[in-house]
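# Using only what follows, build the 3D model:
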Amino acid sequence: MAQQLTEKEIAGDILSACKCGASGYLQAIMEAQDPGIRQAFLDYQGQCLAGQEKIFHYMQDQGWYKVPMNRDTIG
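Residues are numbered from 1 along each chain as shown. Model (predicted):
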């Protein structure tokens, strides 16, 4: 019997996909020669980053994603 994925695992996979997508769009933006295509990739990347922010906050609210704070590197 197949094991069911947890909500935490699904959210983590979505977050990873958003990170990968944003990186891919950045590469495309840097290599696009046509200004219209470049702008389209910029728009897609913005949408991707907005989605990443939503899933990040959702995971953080659930206690599934904690950002480590190193006081030695802050300010």
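
# which regions of the chain sit below the pLDDT cut-off?
Low-confidence segments of the chain (pLDDT under 70): 71-75.

# Apply 90 and report the result again.
Within the chain, the stretches falling below the threshold (pLDDT under 90) are 1-3, 65-75.

# ok, longest helix in this structure?
helix 35-62 (DSSP state H).

# Can you name every helix or strand that that one contacts?
helix 7-31 (3 or more Cβ pairs under 8 Å, 6 or more residues apart in numbering; DSSP states H and E). C-beta coordinates here come from the backbone N, C-alpha and C atoms, glycine included.

# Tell me how far the helix it packs on lies from the chain's centre.
Offset of helix 7-31 from its chain centre (Cα atoms, centre = their mean, to the nearest Å): 5 Å.

# Could you report the separation of Lys19 from Phe56?
Distance, Lys19 to Phe56, using Cβ to Cβ, to the nearest Å: 10 Å.

# So which of these two has more stuff around it?
Set Lys19 next to Phe56 and count neighbours by other Cβ atoms under 10 Å: Phe56 wins out with 17 against 14.

# looking at it, that one is touching Leu15, isn't it?
Yes: taking Cβ atoms under 8 Å as the definition, Phe56 is a contact partner of Leu15 at 6.3 Å.

# neighbouring contacts of stretch 38-54?
Applying Cβ atoms under 8 Å, 6 or more residues apart in numbering, the contact partners of stretch 38-54 are Leu15, Cys18, Lys19, Gly21, Ala22, Tyr25, Leu26, Ala28, Ile29, Ala32.

# got the residues you listed as JSON lines, with distance to Ala2 columns?
As requested, those are arranged in JSON lines below (distance: Cβ to Cβ, whole Å):
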{"residue": "Leu15", "distance to Ala2": "23"}
{"residue": "Cys18", "distance to Ala2": "25"}
{"residue": "Lys19", "distance to Ala2": "26"}
{"residue": "Gly21", "distance to Ala2": "27"}
{"residue": "Ala22", "distance to Ala2": "31"}
{"residue": "Tyr25", "distance to Ala2": "33"}
{"residue": "Leu26", "distance to Ala2": "35"}
{"residue": "Ala28", "distance to Ala2": "36"}
{"residue": "Ile29", "distance to Ala2": "39"}
{"residue": "Ala32", "distance to Ala2": "41"}
